[in-house]
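**Student:** Next input, structure requested:
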Amino acid sequence: MISKVVMKNFKCYKDCTIRFKNFNVLCGPNSSGKSSIIQAILFLLQNIDTEQNNLITNGKFVHFDEFDEIKNYEISAAKPIEIKLYDTAKKSYIFKLEKSKNADSIRCEKKIKEFQLKEEKNIFYISADRIGPEDVYDKYKGTTIGFQGENAIGFIAKFKDYAIDEKYIYDKDIPSNYTFLGEVNYWLKEIIGEKINADNLDKTDRSRATYVKDGQRLQVRNKNTGSGLSYVVSIIIMVLSIAVNKAQERPTFIIENPEIHLHPAAQIKLMQFLLFMSNYCQIIIETHSDHIIKHVIENNGQVIKIHNFLPLYYTKNSHRILPTITLGEIKWTVFDMPTIDFHISLYSYLQSKFGCSRPNQTDDEIRKTVAFISNKKKYDTKSRRYRNFSGAISEYETLPTYMRNVIDHPKKIRPDEPARRKYRHSESEFEAALKKSIEFMIDIIYENGWL
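**Tutor:** Take a look at the predicted model:
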């Protein structure tokens, strides 16, 4: 297993350490540096058998032509680049890179290998650019399944009847002879509702897959199936291949965008598979799926959000706003996206904590907080309340109550109800007000220690 990767002066990272647990999800905006973390690991993997002075910089996994292409733009070319990988025994795999004196190429100044990296032995990688629906595939020739999943069908054709250890069987109540194909089909049925069969074609070096919809007899050729099925089957086969290869140590799987062409419900089922298999391996996922992130957090995985080229870590017991994780909370916390449903959840949470039954009562309690008193101009809308109750602190609504009423009453219900025209002139203006209101309510929650 990989415990951490350290990058100094590598691409967007001046000095950054990413710490991994057993199940990890990398997320963040486009161009935030997620892929650079994976590329750092793959660069080491690409050079497992090379001599120090014969780096493969433009190879199987990564393509780096010049030193300036991979150095941090804020540093001079005179400073070296360091990539350090550590396993759980604190052994290291280190490359120190510098610019060649007579060229723009990349030179390895120092190489330390205290443990072994071996493709599809202790580290597996499956790219977002994996094989989709094809009519036939290459036979598995006993090498690797491939980071594009190109030999996955050949692998299952060869090992479909292979008896696997009972520990890799998820549902042991289902009668089964515990074969590799049987468990692959269990998960395919759970995720997509189909089953696969694969055979090697006689007198060729090719393999073919067919699929059967659960409860039907019609066999469909792989080329005529949906893309989601082809993209997910290579993940299942690669991860479950450790049941065939009988790994002696806990290997690491790096999977890019497992959600490609998958319905949200199927994404969650795929996570159930990977979470189960993480009992026997380490998982590192790169994703943009809020459904995947929510499910992983709920099931004790670690989410690593890359923010300003630094990692922020989220688990079930940290960085929580509400007792129940919602997709709105995930969109806010992980993707910095304010949503109406998260605003509603936060406001309802405040009402409950304040012990109020009416918005006007909640509004008075909001006015008593330090967060409001210290930023009164920012959070007082100066918009009149509707049917102000006797003894109120103010006749005006605070921003959270105002936004709550705008959301619940987009149009006037009664003639004497306030129009509430603020923050509604454009979508961007409304979103900015929604964001400000959410931030304010979170400040109140922190102020009162309601976490």
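**Student:** Counting neighbours, what do you get for R387?
**Tutor:** A count of neighbours around R387, defined by other CB atoms under 10 Å, yields 9. Using the backbone N, CA and C atoms, a C-beta is placed for each residue, glycine as well.
**Student:** looking at the protein, which helix or strand is least sure?
**Tutor:** When each helix and strand of the chain is scored by mean pLDDT, DSSP states H and E, strand 219-221 comes last, with a mean of 61.
**Student:** which stretches of the stretch 51-200 of the chain form helices?
**Tutor:** Secondary structure of the stretch 51-200 of the chain (DSSP state H, counting those that start in this stretch): helices at 67-70, 152-159, 180-191.
**Student:** Reformat the ones you listed as CSV; add mean neighbour count, mean pLDDT and distance to V212.
**Tutor:** What follows is the helices of the stretch 51-200 of the chain, written out as CSV (neighbours: other CB atoms under 10 Å; pLDDT from 0 to 100; distance: least, CB to CB, whole Å):
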stretch, mean neighbour count, mean pLDDT, distance to V212
helix 67-70, 16, 89, 47
helix 152-159, 26, 92, 14
helix 180-191, 21, 94, 9
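**Student:** Now render those as CSV, adding distance to K353.
**Tutor:** CSV is the format used below for the helices of the stretch 51-200 of the chain (distance: least, CB to CB, whole Å):
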stretch, distance to K353
helix 67-70, 50
helix 152-159, 51
helix 180-191, 39
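**Student:** Check this structure for its longest helix and report it.
**Tutor:** helix 427-448 (DSSP state H).
**Student:** low pLDDT regions in the stretch 251-400 of the chain?
**Tutor:** 319-320, 388-390 (pLDDT under 70).
**Student:** just the strands in it please.
**Tutor:** Taking DSSP state E, counting those that start in this stretch, the strands of the stretch 251-400 of the chain run over residues 252-256, 282-286, 302-307, 310-314, 380-384, 396-398.
**Student:** Which residue ranges of the stretch 51-200 of the chain form strands?
**Tutor:** Shown for the stretch 51-200 of the chain, the strands assigned by DSSP E, counting those that start in this stretch span residues 81-87, 92-99, 106-113, 123-126, 137-138, 194-200.
**Student:** Quick check: mean pLDDT of the third one?
**Tutor:** Mean pLDDT, strand 106-113: 88.
**Student:** what do you get for the shortest one?
**Tutor:** Over the span of strand 137-138, the pLDDT mean works out to 81.
**Student:** if we can go back for a sec, confidence-wise, which of the strands of the stretch 51-200 of the chain is weakest overall?
**Tutor:** strand 137-138 has the lowest average pLDDT among those, namely a mean of 81.
**Student:** what about S100, distance to H425?
**Tutor:** Using CB to CB, to the nearest Å, S100 is found at 58 Å from H425.
**Student:** Would you mind listing the residues in contact with E119?
**Tutor:** Residues near E119 by CB atoms under 8 Å, 6 or more residues apart in numbering: 45, 48, 125, 144.
**Student:** Return the members of those classed as buried.
**Tutor:** Buried subset of the contacts of E119 (neighbour count, 16 or more other CB atoms under 10 Å): 45, 125, 144.
**Student:** Tell me the one of those nearest K353?
**Tutor:** When the buried ones among the contacts of E119 are ranked by distance to K353 (CB to CB), Y125 comes first, at 46.0 Å.
**Student:** thought that closest one was touching L44?
**Tutor:** No: using CB atoms under 8 Å, Y125 is not in contact with L44; the gap is 11.7 Å.
**Student:** what number of residues lie near the nearest residue to Y168 once chain neighbours are set aside?
**Tutor:** Distances taken as CB to CB, 6 or more residues apart in numbering place A243 nearest to Y168, at 4.2 Å, with adjacent residues excluded. Applying other CB under 10 Å, we find 23 residues neighbouring A243.
**Student:** Kindly report the same for P251.
**Tutor:** Neighbour count for P251, taken as other CB under 10 Å: 20.
**Student:** S394 too?
**Tutor:** Burial measure for S394: 15 neighbouring residues, criterion other CB under 10 Å.
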